[in-house]
Every structure is written in C-alpha cells, then in structure tokens.
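J.: I'll drop the sequence and a predicted model, then ask my questions.
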Amino acid sequence: MAFKKGKEPDESRISPMKKEVVENYDRLPSQLKHCFAFCRLFPKDYEIGVEEVINLWIAQGFIKSSSENQNDLEDVGYAHFMHLVWGSFFEPPFKSDDDDVVKFKIHDAMHDLAILMAGTTGVVIDGPKAKVFDDRTRHVSLTFSSIELWKIPMDSLKQNRKLRTFLSSNQKHDDFIQRLYSMGFSKLPNTIGGLKHLRYLNLSSNPFVSLPNSITTLHSLHTLNLEYCEKLWRLPQEIDKLLNLKHLLLKGCLSLVFMPSGLGRLTSLRRLGEFNQCSYRSKNIARLEELGNLNSLRGSLRINLKHGKHDSLECSAAHLNKKQHLQHIILSWEVEGDDDITGEMIESDELSLDALQPHQNLKILTIHQCTGIRLAHWLSLLTNLVYLSLDACIKCQQLPELDQLPSLQELHLSELGSLEYISPKFSASSLFFPSLTSLSIFHCPKLKGWWRDSANLNQAQGHFVLPSFSCLSVLNIYDCLFAMEEGAILSAAPTIIRT
C-alpha cells in the first residue's frame, strides 16, 4: 500500500525487533499474511471490530472455506484472527464499554510492519494533503484524523473502476457525523455504480436519506454497511440484483420503515441485522415471508412488527425455525400512534408469536411489547437458550414453564404489568433452573409470587418465599410489591437489589 511523504513507517521502531518479527511474519500462511497486512487500512490506535475485520477479509477473498459448506467462512475467519492474536500481531480482543462490541487494537510497531508488508494497492486518506488515489488503488480508507475540514476526492473515485474497498474509520461518532454534514456528503453520487469491482462498502453513520439506484449495479458487492444511518428511510428498490451480497448491516437505521420487495431473493445473505415490517401492503414492500429463503442468516436479527397487522401464515412463512445459524433474535412489536389494545390485537400478537418459533440453536432471545395474554409454548423448548428477556409485554398474564431450560443463565422480566405469577405450579425438581446465574425482575407491580400453586405461600407467616436456585449469584428486583412486603424472604442470591 502506498504511503505519503512524511508518513513513512517508523523504521526505528521496527528495527530492534525486525529480525524476530519479520521471521514470524514470513512463517505465516499466505492467507494470514494478507489478513494482517490488510489491517494497515485502519489508523493507529483504532479500536477495530472483530466481526467487521472478518467481513472485510471474506469480501476480499482472503478466507477460504475448510469444506464444501460455505457457512463456516466466519468460523475460519475467526480462527485466522485468533492465530494472529496468539502470534502477537494483534492485541487481545476486548468488549467495548459503550456498545458491547468485541474489538481489538494493533500495537504501533505492528501497524508499521503492516504498512511495510501491505504493498501499494491501498491508500489511507486522513487530511487535505493526503495522497489522491489513482486507477491502481484497490482499497481506500477515510480516517478523518485531520482537524481541517476537507472534501473527499470524488473525482478520483469516479475515475477508479477497480476499487474493491471503501472504508470509513472514525472513533468519534458525533464528530464523524458533523464532518460529513460539513463536507456536504449527505448524498451519495450516482457514479458509485461505476465501481464494478467494489466488494466492501462502509457508509455507516452517514446522513443519507436514500441511496442512488445505481448502487444495485455493484454485482460484486459482498458487504453493504449502513449502520446508524439514522435518516435513511428506504433502500433501493432493486436491491435484489445484488446477488453476491452477504452482509446487509442495518442496525441503528431509525427512519427505515420498510424493506423492499425482492429481498428474499438474496439467498446468500448471512447477516441482515434488522427486518422492518410495514403496516400497509404494496408490491414494492417486502412481507415477512421474504425471510423464508434466507436460511444462511447468522448472528443477530431484529424483527420489528406491527400490532395486529400480521396473520400467522405470513409469520410462519418466515421460517425462523430453519435458521440454525442465528444466535440472537429480537421480536419487537411497535405501537402506531395512540393505539388502544383490543381483543383482536391481543389474539393477533399471540398467533404471530406462536408462528415465529426459532431454531433450537438460538442462544439469546428478547420479546418486546407483545400484547398477548399468554406467551408462546415454544419458549420452554429452547434447550440452548442462554439469555431470555421479556420486556413491556403489558397484558401478559401467563408464562410458559421455563424452569427446565438446561442452558438458561440469565432471565430478565421487565414491565410485565399484568403478571401475577411466574409459573403456574410448584416444581420440586432438582433440575429447577439448573444453570441460572442472574435473575432480574423490574416493574412488575402485580407480581404476587413465583408459583400460582399455594405451596409456595407460607400462609402461617404471611410472606412469600423465593425459590432456591442452585447457581444464582445475582438477583435484581425493583418495583415489585411482593419484594417490598415486610418479611419477604429473598435469600437465594448473595447480590441483591431490592426496592
């Protein structure tokens, strides 16, 4: 990768360790050499998302599947990443405090080594005097480290037809947004469609309202990152032309109200992030059934539904039970205006939730604002579930039996305003929540106890006894009447918050 005058790597930092480090680099397999050198595109001391960098490697063809099953590319990519960590090319990964994303850094000396080994096909643009890329450039990174406001060299972008990576890297989200507004970069030019070899396009945190239709001609595109484009309200109508698209990242697109029809034809999609169902019907708007063929999805998926707007057949056609690679699902019902909760709405939400049964491999599940009086029975069948959150289901009066879930470690119950009991009957089983380590119960004002069965109520003493949990270490209870009653016994955990 080319470096600018005055920005050459610091040889004095590499020289003392050059022999050992270069020998270690030379011993790396060719795929790992490419993966390491590619990280030259990130600025020094930058917190790099592990998932992001693996997606970049896959997009560039650095990751080869170890079998005929192409679904394990991310697993192979993660193995490559850990190999570089163990070899001290990368610093150990950590979880970011602000967004809970797993990230890592590259030591300055290793970053200099990456620059030396990267070649001349990449350019880092970090200020008004930065090198303008030419037709030999394959990878461009915009770092925005310069204090001055400057303009992206769009003329160079238009001339380069072989660009593969367009990456923006800035650690400060608010500053990044302000700079883009100041640069007048609120609209992506139609000429973006001329970059026929583009594989990775990161437009996250931009103030775009829409994207040019020409973006659907980027047939080599592997990743389109639109996360936190908070003003984006629609995607290109012919997005189904991007048949090689594997990652369509939409987290934080707060204004996106519907998905375009044809999305279900993108059967190579592995990450979608969010699917927004619209309350009205149109041939140009995707329905839930478009998820039906997207069975390679993995990672996290949030589905935003509308109360009373779905029939169970449409929800069932989403085939969540066939998406074995999904680890995390959020099912969220959104209120429109001042909707009153009607009997029809309650029944519709119950049937919809019944039909949205996920695969048993699921590990994390959140159900938000479902108006059903009962929740789906399949909750008690998710044997691999580690975390369950039931939130703002204000009409819920009945939960399925959860105490036999063998893997459940965290249970979060919040704003269940109609719930009186957590379980219908007493259980003396030795397998009662066998793995539960954390229990949180917030804003459940009508909750009277754990079991509806009177065996849990010590009538002689007139207080409620919390069940005994074999592994519980954290118990949080807030705004629950039973916990406020004098004499309530809450001795099941060493760490207790009771209000």
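T.: Structure received. Numbering: from 1, shown residues only.
J.: which residue ends up closest to the midpoint of the chain in space?
T.: Note on the chain: the residue nearest the mean C-alpha position is residue 300, at 5.0 Å, using Cα atoms, centre = their mean.
J.: pretty sure that residue is in a strand, no?
T.: Yes. Counting by DSSP: H, G, I helix; E, B strand; the rest coil, residue 300 is found in a strand.
J.: Wait, it touches residue 325, no?
T.: No. Residue 300 is beyond contact range of residue 325, at 11.1 Å (criterion: Cβ atoms under 8 Å). All C-beta atoms are positioned from the backbone trio N, CA, C, and that covers glycine.
J.: Give me the buried positions along stretch 220-239.
T.: 221-230, 232, 234-236, 239 (16 or more other Cβ atoms under 10 Å).
J.: If you could redo that for stretch 386-406, that was the one I meant.
T.: 386-393, 395-399, 402-403, 405.
J.: got it, and stretch 356-372?
T.: By neighbour count with 16+ other Cβ under 10 Å, stretch 356-372 contains the buried residues 356-359, 362, 364-372.
J.: Quick one: end-to-end distance for that stretch.
T.: The straight-line separation of the ends of stretch 356-372 (Cα to Cα, to the nearest Å) is 14 Å.
J.: Give me the domain ranges for the protein.
T.: Following the TED database, the chain resolves into domains at 16-111, 126-256.
J.: which one of these has the lowest average pLDDT?
T.: Least confident of the domains of the chain, judged by mean pLDDT, is domain 126-256 with a mean of 72.
J.: Run through the residues that contact residue 364.
T.: Residue 364 makes contacts with 300, 327-329, 385-387, as judged by Cβ atoms under 8 Å, 6 or more residues apart in numbering.
J.: Tell me the bridge partners for it.
T.: Residues in a beta bridge with residue 364, per DSSP bridges, are residue 328, residue 387.
J.: And for residue 207, the neighbour number?
T.: The number of residues packed near residue 207 is 15, by other Cβ atoms under 10 Å.
J.: Let's verify it: helix, strand, or coil?
T.: Assignment for residue 207 (three-state DSSP): coil.
J.: That one and residue 231 touch, don't they?
T.: Yes. Under the criterion of Cβ under 8 Å, residue 207 makes contact with residue 231 at 5.3 Å.
J.: Could you pull up phi and psi at the residue lying closest to residue 350 once chain neighbours are set aside?
T.: Using Cβ to Cβ, 6 or more residues apart in numbering and skipping the chain neighbours, the partner closest in space to residue 350 is residue 372 (3.8 Å). Phi and psi for residue 372, reported as degrees, to the nearest 10, are phi -60, psi 150.
J.: Identify the residues contacting residue 372.
T.: Here residue 372 is in contact with 346, 349-350, 353, 393, 395-396 (criterion: Cβ under 8 Å, 6+ apart).
J.: want to try JSON lines for those, with distance to residue 196 and secondary structure as columns?
T.: As requested, the contacts of residue 372 are exported to JSON lines (distance: Cβ to Cβ, whole Å; DSSP: H, G, I helix; E, B strand; the rest coil):
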{"residue": "346", "distance to residue 196": "51", "secondary structure": "helix"}
{"residue": "349", "distance to residue 196": "46", "secondary structure": "helix"}
{"residue": "350", "distance to residue 196": "49", "secondary structure": "helix"}
{"residue": "353", "distance to residue 196": "44", "secondary structure": "helix"}
{"residue": "393", "distance to residue 196": "48", "secondary structure": "coil"}
{"residue": "395", "distance to residue 196": "53", "secondary structure": "coil"}
{"residue": "396", "distance to residue 196": "52", "secondary structure": "coil"}
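J.: Could you identify the most distant pair in those residues?
T.: 353 and 395 (12.2 Å; Cβ to Cβ).
J.: wait, what's in contact with the closest residue to residue 213 other than its chain neighbours?
T.: Of all residues not flanking residue 213 in the chain, residue 236 sits nearest, at 5.1 Å (Cβ to Cβ, 6+ apart). Counting by Cβ under 8 Å, 6+ apart, residue 236 touches 210-213, 215-216, 260.
J.: would you say residue 236 is within a helix?
T.: No. According to three-state DSSP, residue 236 belongs to no helix; its state is coil.
J.: partner residues bridging the residue nearest to the centre of the chain?
T.: residue 328.
J.: Use 848 as the first number for this chain going forward.
T.: OK, 848 is where the count begins now, so the last one is residue 1147.
J.: And it, what's its pLDDT?
T.: pLDDT, residue 1147: 93.
J.: Residue 1117 too?
T.: For residue 1117, the pLDDT comes out at 92.
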